[in-house]
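1. Task: produce atomic coordinates for the following.
(chains A and B)
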Amino acid sequence: KAGVTQTPRYLIKTRGQQVTLSCSPISGHRSVSWYQQTPGQGLQFLFEYFSETQRNKGNFPGRFSGRQFSNSRSEMNVSTLELGDSALYLCASHRPPSGNTGELFFGEGSRLTVL
Amino acid sequence: KQEVTQIPAALSVPEGENLVLNCSFTDSAIYNLQWFRQDPGKGLTSLLLIQSSQREQTSGRLNASLDKSSGRSTLYIAASQPGDSATYLCAVFVEYGNKLVFGAGTILRVKS
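-> Residues are numbered from 1 along each chain as shown, chains lettered A, B, ... in the order given. As a prediction, the model looks like this:
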C-alpha cells in the first residue's frame, strides 16, 4: 500500500515568487492536512481538507492557500514568497472512517528554500 | 490554547540502555496522542497512537502511556540501539481545529 507522496521533494525559489506543492494521500483517505516545520517554530498546522472542503486553517497569512481535488489529492500554494517561508512542508493523510480518532500518516515533505 | 512540552530536549545514552521520553500537554480535551520519529531531513514516521480512552500502547521495544487527566505521556524505549537515534515528537489531536499540536521534540543519540 503506497504511502503519502509529496512532490517536489526539494525546490529553491526567490523572494516574491510563488510555489505550488502537491500531496497524494494514502488510497482511501479523504482527509489531508498540511504542516510547516521550521527550526524556530517547530511543526505548525497550516490547514486541513476533507472532501474538497477546507475544514480548518491555522494562523498563517492569506499568502498560504490550498485546495483538494475530487480524488483527495491536495495542493498548497504560497504566493509572494518571503525568506521566512523557507521550511519543510509536510502533508498528512488521515485514516477514515472513525472521524477524528484516527492516525495521521505523513509524507517525506517538500523542502522549500527561499533566496 | 493547547501547548505540548517535551522533556528532555536532547538525550545521549550508551547502547543498551532503557530510556524514557516525556511529553506534557495543557488541555485534556484531546482525541488521541501520537508519538512520531523523524530522521534528519525526512518526514514523520508514526510510532504509536494512543486513543484518549486508552492508557498505553506497545509496539516491539516501544511502550507509550497516557494519563489524560494529568496531561502527561511517556515513551519508553527498551534496550536502545544506535538505529534509534532520531528526533522523537509527541503530538496531541485536539478536539477543536481537527489538527495535531506538536511538541518541540527530543533529539536522541544512542552511542555504540
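
2. Could you use CA atoms for every contact and neighbour count after this?
-> OK.

3. mind listing what the closest residue to chain A within chain B touches?
-> Residue of chain B nearest chain A, by C-alpha to the nearest C-alpha: residue B:43 (3.9 Å). Contact analysis of residue B:43 by C-alpha atoms under 8 Å, 6 or more residues apart in numbering or on different chains lists A:90, A:106, A:107, A:108, A:109.

4. Pull the most distant pair out of those.
-> Using C-alpha to C-alpha, the two most remote members of the contacts of residue B:43 are A:106 and A:109, lying 7.9 Å apart.

5. what do the two both touch?
-> Shared contacts of residue A:106 and residue A:109, counting by C-alpha under 8 Å, 6+ apart, come down to A:90, A:91, B:43.

6. just those residues now: which is nearest residue A:11?
-> For those, the nearest to residue A:11 is residue A:90 (13.9 Å; C-alpha to C-alpha).

7. how near is the closest one to residue B:1?
-> Taking C-alpha to C-alpha, to the nearest Å as the measure, residue A:90 falls 22 Å from residue B:1.

8. same check, this time on residue A:47
-> In this structure, residue A:47 lies at 17 Å from residue B:1, with C-alpha to C-alpha as the measure.

9. Which of the two has more residues huddled nearby?
-> residue A:47 (25 against 6; other C-alpha atoms under 10 Å in any protein chain shown).

10. Tell me how many other residues surround the residue in chain A positioned nearest to chain B.
-> In chain A, the residue found nearest to chain B is residue A:108; the distance is 3.9 Å by C-alpha to the nearest C-alpha. Using other C-alpha under 10 Å, residue A:108 has 22 other residues around it.

11. what's the answer for residue B:12, then?
-> 11.

12. For it, which non-adjacent residue is closest in space?
-> residue B:109 (4.7 Å; C-alpha to C-alpha, 6 or more residues apart in numbering or on different chains).

13. what's near enough to touch that neighbour?
-> B:11, B:12, B:13, B:82, B:84, B:85, B:86.

14. which residues pair with residue B:73 across the strands?
-> Here residue B:73 sits in beta bridges with residue B:23, residue B:66, going by DSSP bridges.

15. so how far is residue A:19 from it?
-> Using C-alpha to C-alpha, one gets 38 Å for the distance from residue B:73 to residue A:19.

16. ok, now residue B:59?
-> Using C-alpha to C-alpha, residue B:59 is found at 39 Å from residue A:19.

17. which parts of chain A sit against chain B?
-> Proximity of chain A to chain B, by C-alpha under 8 Å from any C-alpha of the partner chain, involves residues A:33, A:42-45, A:48, A:55-57, A:90, A:100-101, A:103-109.
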